[in-house]
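> got a sequence here, can you model it:
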Amino acid sequence: MDEEQQSQSDSRTIAMSRTEVLTGMSRRRVSYLEVNSPERPRLNFKLTDGKVVMGRTTDNQITLPFTNVSRHHACVYINGEDYYVEDNGSTNGTYVNGVKIAKCILRPNDLIQIGATKIYYSEREELCL
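Prediction:
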């Protein structure tokens with residue numbers, strides 16, 4: 001095969017069905033927190049199996065440097081199939097969908113509020129090999 005024929009064969013598109021492309025791939029649920037704080041850029045945080053602590057000090061995974069936020073205000077963690085948010089005994093409380101909570105299972109589109117910070121919980125499916 002000469003160079004021109006090689007070039008033509010390399011630029012061809014292979015017709016495949018969606019089923020063929022997705023063969024061998026599985027889906028998994030992935031959860032995220034979207035953190036919206038006043039005067040700070042939006043932060044998207046992918047949740048894993050570990051505990052995520054949110055609070056005023058820099059040793060937290062999510063830092064919320066505001067005076068109405070406790071040092072280690074609240075945490076999000078997985079238990080079984082569900083993610084939970086739990087208040088860590090904060091002074092001003094943690095709210096989910098406008099209700100003050102001590103501990104709460106998170107559902108898609110829940111709004112966690114810590115001080116003036118709004119944190120949206122979301123889930124989506126991702127493909128993986």
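
> hey, let's count contacts and neighbours off CA atoms from now on
Fine.

> pLDDT on stretch 43-58, on average?
On average, the pLDDT along stretch 43-58 is 94.

> so what's the residue most central in space within the chain up against?
Averaging the C-alpha coordinates of the chain gives a centre point, and the residue nearest to it by Cα atoms, centre = their mean is Tyr32 (1.2 Å). Taking Cα atoms under 8 Å, 6 or more residues apart in numbering, we find Tyr32 in contact with Asn44, Phe45, Lys46, Leu47, Tyr121, Ser122, Glu123.

> how about a cut-off of 6 Å?
Counting by Cα atoms under 6 Å, 6 or more residues apart in numbering, Tyr32 makes contact with Phe45, Lys46, Leu47, Tyr121, Ser122.

> excluding covalently adjacent residues, which one is nearest to it?
In space, and not counting its chain neighbours, Tyr32 is closest to Lys46: 4.5 Å by Cα to Cα, 6 or more residues apart in numbering.

> any idea what Ser31 is bridged to?
With beta bridges defined as DSSP bridges, Ser31 has these partners: Glu123.

> can you give me every residue that contacts it?
Ser31 is in contact with Leu47, Ser122, Glu123, counting by Cα under 6 Å, 6+ apart.

> endpoints of stretch 53-66, how far apart?
15 Å (Cα to Cα, to the nearest Å).

> can you tell me what sits against it?
Residues from elsewhere that reach stretch 53-66, judged by Cα under 6 Å, 6+ apart: Val52, Val69, Ser70, Arg71, His72, His73, Ala74, Cys75.

> in PyMOL, how would I select the buried members of those residues?
Here is the PyMOL command that picks out the buried ones among the contacts of stretch 53-66, judged by 16 or more other Cα atoms under 10 Å:
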select buried, resi 52+69+70+71+72+73+74+75
